[in-house]
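Asker: One predicted model, sequence on top.
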There are 2 protein chains.
Amino acid sequence: MSERPASSGRHTQRTGRRSGESGTREAILDAARTQFAERGYDGATIRGIAADAGVDPALVHHFYGTKERLFVAAVRFPVVPSEVLARVAEAGPEQLGTTFVRTVLGLWEASETREQSLALVRSAVTNECAVTMLRGFVESAIFRAIAGVVQDEDARFRASLVASQLLGLFVARMLLCLEPIASAGVDDVVAAVGPTVQRYLTGDVRAASAAGVRPGTRDPCRSAGKPR
Amino acid sequence: MSERPASSGRHTQRTGRRSGESGTREAILDAARTQFAERGYDGATIRGIAADAGVDPALVHHFYGTKERLFVAAVRFPVVPSEVLARVAEAGPEQLGTTFVRTVLGLWEASETREQSLALVRSAVTNECAVTMLRGFVESAIFRAIAGVVQDEDARFRASLVASQLLGLFVARMLLCLEPIASAGVDDVVAAVGPTVQRYLTGDVRAASAAGVRPGTRDPCRSAGKPR
DNA sequence: CACAGAACTCAACGCCTGTAGAATTCAACG
DNA sequence: CGTTGAATTCTACAGGCGTTGAGTTCTGTG
């Protein structure tokens, strides 16, 4: 019955398998990374990703199953912690902070890790599953990176302080484009923020009155609502 | 023709105006604030907001026109800058940082300002219009708050550094619930972060090699995609 | 009391979403 | 050459979205 719709001429990608290796799988993954980075999990659509990859939406579903699985496949783990750890470790104890900041800024310049980070942060703000991923990543990456150089009893607290400053830097620079820090050169940012991280890692960060950790004085923040 | 559907018994809110003052306008605004705070602009739905307010979706539209206008009405301006300014100004020059942090943490505990801040941040991450609102707010609020005490040529740079640390604190504590900083008491956070803000405001934040501002060494971050 | 307007709901439109099943084309192996 | 299976598209479903217009009930003013 193969009655071709002979009228509609231009490059009608007809149904069926293509010849040769198409690399479609990776094209979809790339498009997904970009879309998730630009719009976040909820904002990105399978149809949009498929269009970017020059492919039918159903193919995305065929390869990756659900949107959630596609997301996980696209962002994976933005950083190899051991790599960061190595660079930080070879710095002198006085250069810990500046080295840390410089390394992280470098990761945000490289396109793949930048897109993965953007996707993770943009999604985590409204998507509970992405929150878990980002939290797990920040905890393990930063905590592991500093574990070699700080064995305080306050190590976890220090790690979360570092995380808060770096997260804020990311949001201000990459998401909000808050001037002038968004356009500042790497050296300027390192000079300004490095000492902060240095102090969080090795300085005095405890209230004078309190020595130990006292958890649970705040009600934990509520979840971001039910999944939609 | 008024043939009532007499069968369906339970509390059928019948059509038409209610008696007395219903306070529906404010109920909608409250529900909107909560929904925007929990799910962000795109995640919140007019239908959901209407349901929370016990009202028909069309009424929301009747009062506020479009979703965008409802958002603007719901978040308005989370903080009166002069109020912050006053509290910061009456602190000694040595307590600038800790006072600042303590004041901001207080704002995040109060339910109304917390919800407005959450709504703004959750929305700004994927919505271009909310980005503009948040950026404008951060710039004007923080810059104005420190304008009285810092007249550096670096004042704007200092302001954006403070903003980055406070934004990061907000994200870590309120959005990601990153432990242990998410559950830490106010005093602990103030002791840890206060000195950072103090240094950003009054300390040395410039690279040794560079004196003036050198803008534009980075490509500005791209927009979050076209509005959908 | 009549009448304009505000508050309020119902039902529906058009659009977009994630997902599913069936059909078609190609590659690889026997 | 025939068969099996992967790659790819088409078509469609069911549901949610923002928004609209018409209809109903109440309030306030003259």
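Answerer: Received the coordinates, thanks. Quick caveat, the model's predicted, so the values are computed rather than measured.
Asker: and the worst-scoring helix or strand of chain A on mean pLDDT, C-alpha only, in CSV?
Answerer: Taking mean pLDDT, DSSP states H and E as the measure, the helix or strand of chain A with the lowest value is helix A:81-89, at a mean of 72. Listed in CSV are the C-alpha atoms of helix A:81-89, where the atom choice follows Å, rounded to 0.1, in the frame of the first residue of the first chain:
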residue,chain,number,x,y,z
PRO,A,81,35.7,14.9,42.3
SER,A,82,39.1,13.3,42.3
GLU,A,83,40.2,15.7,39.7
VAL,A,84,39.2,18.7,41.8
LEU,A,85,40.8,17.0,44.8
ALA,A,86,44.1,16.5,43.0
ARG,A,87,44.4,20.2,41.9
VAL,A,88,43.4,21.4,45.3
ALA,A,89,45.7,19.1,47.1
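Asker: Tell me how far the spatially most central residue of chain A lies from DNA strand D.
Answerer: The geometric centre of chain A, computed from its C-alpha atoms, lies nearest to residue A:117 (C-alpha atoms, centre = their mean), at 2.1 Å. Distance of residue A:117 to DNA strand D, computed by C-beta to the nearest atom of the strand, to the nearest Å: 28 Å. For glycine as for every other residue, the C-beta is placed from the backbone atoms N, C-alpha and C.
Asker: Remind me what the least confident helix or strand of chain A packs against, helices and strands.
Answerer: Applying 3 or more C-beta pairs under 8 Å, 6 or more residues apart in numbering or on different chains; DSSP states H and E, one finds that helix A:81-89 contacts helix A:96-109, helix A:128-147.
Asker: Would you tell me which of these gets closest to residue B:179?
Answerer: In this view, those are compared for proximity to residue B:179 by C-beta to C-beta, and helix A:128-147 is the closest at 8.0 Å.
Asker: residues making contact with that closest one?
Answerer: Residues from elsewhere that reach helix A:128-147, judged by C-beta atoms under 8 Å, 6 or more residues apart in numbering or on different chains: A:41, A:68, A:71-72, A:75, A:77-79, A:81, A:84-85, A:88, A:100, A:120-121, A:123-124, A:155-156, A:158-159, A:162-163, A:166-167, A:201, A:223-224, A:227, B:175-178.
Asker: Can you flag which of the residues you listed belong to helices?
Answerer: When DSSP state H defines the helices, the subset of the contacts of helix A:128-147 inside them is A:41, A:68, A:71-72, A:75, A:81, A:84-85, A:88, A:100, A:120-121, A:123-124, A:155-156, A:158-159, A:162-163, A:166-167, A:201.
Asker: just checking, residue A:124 touches residue B:176?
Answerer: Yes: in this structure, residue A:124 sits in contact with residue B:176. The criterion is C-beta atoms under 8 Å, and the distance is 6.8 Å.
Asker: My guess is residue A:172 contacts residue B:162. True?
Answerer: No: distance between residue A:172 and residue B:162: 10.1 Å, which falls outside the contact criterion (C-beta under 8 Å).
Asker: what's the spacing between the one helix or strand residue A:192 maps to and its chain's center?
Answerer: Counting by DSSP states H and E, the secondary-structure element that holds residue A:192 is helix A:186-202. Taking C-alpha atoms, centre = their mean, to the nearest Å, the mean C-alpha location of helix A:186-202 is offset from the chain mean by 21 Å.
Asker: Flag every residue of chain A that's near DNA strand C.
Answerer: Within chain A, the positions near DNA strand C by C-beta under 7 Å from any atom of the strand are A:1-2, A:14-20, A:44-48, A:57-58, A:61, A:65-68.
Asker: So among those residues, which ones count as buried?
Answerer: Buried subset of those (neighbour count, 16 or more other C-beta atoms under 10 Å in any protein chain shown): A:44, A:46, A:48, A:67.
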